[in-house]
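Student: Please find the sequence and the predicted model below.
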Amino acid sequence: MELKFTKHPLIVPPTDEEIVFLAEHEPELLANLHKAHEGRIDAAKEDPLRHGFELAGWSRMRDALYKYNEVLTLGGNRSGKTTGCAKMVMEAVTESENGHIVCFSQNADTSVKIQQAAIWEMMPREFKRKTKSIDGYINYSMQNGFTGSSFIFPDTKTRVDFKTYTQFSNNQTILEGFEFGFREPNGINIGAWLDEYLGTAELVNTLRFRLATRNANMILGFTPIDGFTAFIAEYLADAEILETRKAELLNNEEVPVRQYSNNRDAGIVYLHSDENPFGGYKRIAKDLRSESRETILVRAYGVPVHSMTTVLPMFSTSVNVLKNEDFPDITNKSEFTIYQVVDPADARNYVSIWAAVNQRGEIFIRKEFPDMDTYGNWAIFGDPKWKYGPASKKLGYNTQGYIEEFTKIEDDLGIKVFERIGDARFFARENSNAMDLFQEFSEKGMDFVPSDGRQEHIGITALDDWFYYNPNVEIDATNRPKCYIHESCGNLIQSIINYSKTNDALKDFFDLMRYLRLANAGDGPVHYGEEAFIQQRGTGGY
């Protein structure tokens, strides 16, 4: 009888020549090889928790769960993210006793069809039947999932509950009184799994208190196909890259696989599509080869490129944000003309940016005030929206104080400002001295011109021009955006990524961009030659 070896992406069978040779000379050895080959495949199918094949990204997930209380897992298409999370959960269930784990999904349908199905796939073979005893209860059907959206694993007396984000939104008391995780873990101490989390910090903050008693971990899964949420942005902001991997679809560009989130003291793990031999990567790669770099980053490597709520969808930190060594020298006034934009406030610090424009009309934003490195975040994501952060807290500067601060910044940068733009409405307000800010600054030697007063949507539409390029074609001299930002302008970058009309705390820095874009009657800032530098425009300007 002819022996047929099942094709498998990881287990390599003997070649046809080897099979013919062994059949003639070593038939018993051939039979044993066939039995081992087929048995390994069958074992992986029947009991994937114990005998399944381990994907490379799962070890990164496991390592991160041992190091950090929270782990954000981002995955490309068919990267094995959900299966990996389910395996981590079931490892905890089977290894440690008397635990309690809660698993959240979008709604009842996704809970049953995706999350509960993934957990059932990882259930040890001997428990894939109705189990009812004093110490445990398991009853599962493909149609309805686990009875009561819960099961208790008999061997370890560990309970797993399945809930939805909608349930928590409708009744935030559903977690009261519970402690999640294990008091004496023998392995990973998982207490919560949040699959495809699109919410705010509210649920996570609640779970943190429920996990703290048992020092348990939380794993969050997220697929950034449609962009990332403001909550996910908190993990990604200023994340430190710990490990990278070559991206075959991006000409072997290095992309992250492990990061550390300083903001959340959490691990970030990326699962790449080509690391899952069972996910149909060849088809995915074929479909993506003609797509833009941003699309490939998201769909093949799980790397988020823009916010779900961004009003400037073409803005990309990988394209528009330049490292210090890549930023041009803007001190040469024959090549660059410098502009400053200021947006004042009563209860907060004034905000400002300094931008340079060259003769090609390209904009390079070099500095922000208050900058994130010195003063912290201008805005912090709270519950349910962004709130003002430490950088917004007033320094107590009067007009003279701001002039001294601005002058020091410009001296440190080695630049001289050609034109200063101030928010027209606030600068024109009369103060107790019967003067407005235009007059106050001018009397002290620093002249400002009013910003363009057109409606917000006009400025946003105009900004699209600055960030537009064809992402399907290589960036070069003819295909490139017009606006670039220095990596140190963290508050400005955060504002551009996350601003929407409901995020008041992000508005200040975003408005600076609008005012700059609509300068010069809407045409934007202009580069002037040496002849324009003869006329002085007041202290701190040409």
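Tutor: Yep, that arrived. Just so it is clear, the structure is predicted and the values come from calculations on it, not from any experiment.
Student: rest of the way, CA atoms for contacts and neighbours
Tutor: Fine.
Student: just the helices in the stretch 301-450 of the chain please.
Tutor: Under the criterion DSSP state H, counting those that start in this stretch, the stretch 301-450 of the chain carries helices at the ranges 317-320, 372-375, 399-413, 424-427, 437-443.
Student: Can you give me the end-to-end span of stretch 3-19?
Tutor: End-to-end distance for stretch 3-19, by CA to CA, to the nearest Å: 9 Å.
Student: what comes up buried for that stretch?
Tutor: If you call a residue buried by 16 or more other CA atoms under 10 Å, then stretch 3-19 has these buried ones: 5, 13, 19.
Student: what's the neighbour count on residue 285?
Tutor: Taking other CA atoms under 10 Å as the neighbour definition, residue 285 ends up with a count of 17.
Student: meant to ask about residue 426, not that
Tutor: Under the criterion other CA under 10 Å, the count of neighbours that residue 426 has is 16.
Student: would CSV of the helices of the stretch 301-450 of the chain with distance to residue 39 and mean pLDDT be doable?
Tutor: As requested, the helices of the stretch 301-450 of the chain are arranged in CSV below (distance: least, CA to CA, whole Å; pLDDT from 0 to 100):
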stretch, distance to residue 39, mean pLDDT
helix 317-320, 47, 85
helix 372-375, 58, 95
helix 399-413, 69, 97
helix 424-427, 76, 93
helix 437-443, 81, 95
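Student: Turn these into CSV, including distance to residue 70.
Tutor: Compiled in CSV, the helices of the stretch 301-450 of the chain are given as follows (distance: least, CA to CA, whole Å):
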stretch, distance to residue 70
helix 317-320, 25
helix 372-375, 24
helix 399-413, 39
helix 424-427, 43
helix 437-443, 48
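Student: mind listing which of the buried residues of stretch 3-19 are in helices?
Tutor: Applying DSSP state H to the buried residues of stretch 3-19, the entries found in helices are residue 19.
Student: got the contact list for residue 227?
Tutor: With contacts defined as CA atoms under 8 Å, 6 or more residues apart in numbering, residue 227 is in contact with 304, 305, 306, 307, 308.
Student: Top of those residues by number of neighbours, please.
Tutor: Of all the contacts of residue 227, the highest neighbour tally under other CA under 10 Å goes to residue 304, namely 27 neighbours.
Student: distance of residue 317 from residue 467?
Tutor: For residue 317, the distance to residue 467 - CA to CA - is 11 Å.
Student: Also residue 367?
Tutor: Using CA to CA, one gets 19 Å for the distance from residue 367 to residue 467.
Student: So which of those two has more stuff around it?
Tutor: Using other CA under 10 Å as the criterion, residue 367 and residue 467 rank with residue 367 on top: 22 against 19.
Student: how about that one, what does it touch?
Tutor: Taking CA under 8 Å, 6+ apart, one finds 353, 354, 355, 486, 488, 489 in contact with residue 367.
Student: Nearest spatial neighbour of the second one, chain-adjacent residues omitted?
Tutor: Read it as residue 354. Counting by CA to CA, 6 or more residues apart in numbering, residue 340 is the residue found nearest to residue 354 once chain neighbours are left out, at 4.5 Å.
Student: Check the gap between that neighbour and residue 369 for me.
Tutor: Computed with CA to CA, the distance linking residue 340 and residue 369 is 11 Å.
Student: does residue 159 belong to a helix or a strand, and which?
Tutor: Counting by DSSP states H and E, the element that carries residue 159 is strand 158-164.
Student: what does residue 22 give?
Tutor: Going by DSSP H and E, residue 22 is in helix 16-25.
Student: centre of the chain versus the helix or strand just after that helix, how much separation?
Tutor: The first helix or strand that comes after helix 16-25 along the chain, using DSSP H and E, is helix 27-46. Helix 27-46 sits 43 Å away from the centroid of its parent chain (CA atoms, centre = their mean, to the nearest Å).
Student: Pop the domain breakdown of this structure in here.
Tutor: Here the domain parsing of the chain from automatic domain parsing is 51-308, 319-533.
Student: Among those, single out whichever gets nearest to residue 41.
Tutor: Smallest distance to residue 41 across those (CA to CA): 8.6 Å, for domain 51-308.
Student: what's the offset of the closest one from the middle of its chain?
Tutor: Its chain's C-alpha centre and that of domain 51-308 lie 15 Å apart, by CA atoms, centre = their mean.
Student: Nearest to residue 173, out of the helices of the stretch 301-450 of the chain?
Tutor: helix 372-375 (36.7 Å).
Student: Check which residues of the closest one are buried.
Tutor: residue 372.
Student: Stretch 516-533 too?
Tutor: Buried positions in stretch 516-533, judged by neighbour count with 16+ other CA under 10 Å: 516, 517, 518, 519, 522, 524, 525, 526, 527, 528.
Student: Just to check, residue 517 is in contact with residue 510?
Tutor: No: using CA atoms under 8 Å, residue 517 makes no contact with residue 510, being 10.9 Å away.
Student: quick one: residue 267 and residue 63 touch, right?
Tutor: No: under the criterion of CA under 8 Å, residue 267 lies out of contact with residue 63, with a separation of 9.4 Å.
Student: more neighbours, these two?
Tutor: Comparing residue 267 with residue 63 by neighbour count (other CA under 10 Å), the higher total belongs to residue 267, at 28 against 14.
Student: so what's the backbone phi/psi at the more buried one?
Tutor: Main-chain dihedrals, residue 267, degrees, to the nearest 10: phi -90, psi 150.
Student: who touches it in this structure?
Tutor: Counting by CA under 8 Å, 6+ apart, residue 267 makes contact with 64, 65, 67, 68, 70, 71, 72, 258, 259, 260, 261.
Student: 10 Å instead, please
Tutor: Residue 267 makes contact with 60-61, 63-73, 219, 235, 239-240, 242, 258-261 under the criterion CA atoms under 10 Å, 6 or more residues apart in numbering.
Student: State the pLDDT value of it.
Tutor: Predicted confidence (pLDDT) for residue 267: 97.
Student: Quick one, grab the pLDDT at the closest residue to residue 507 other than its chain neighbours.
Tutor: In space, and not counting its chain neighbours, residue 507 is closest to residue 499: 6.7 Å by CA to CA, 6+ apart. As predicted, residue 499 sits at a pLDDT of 87.
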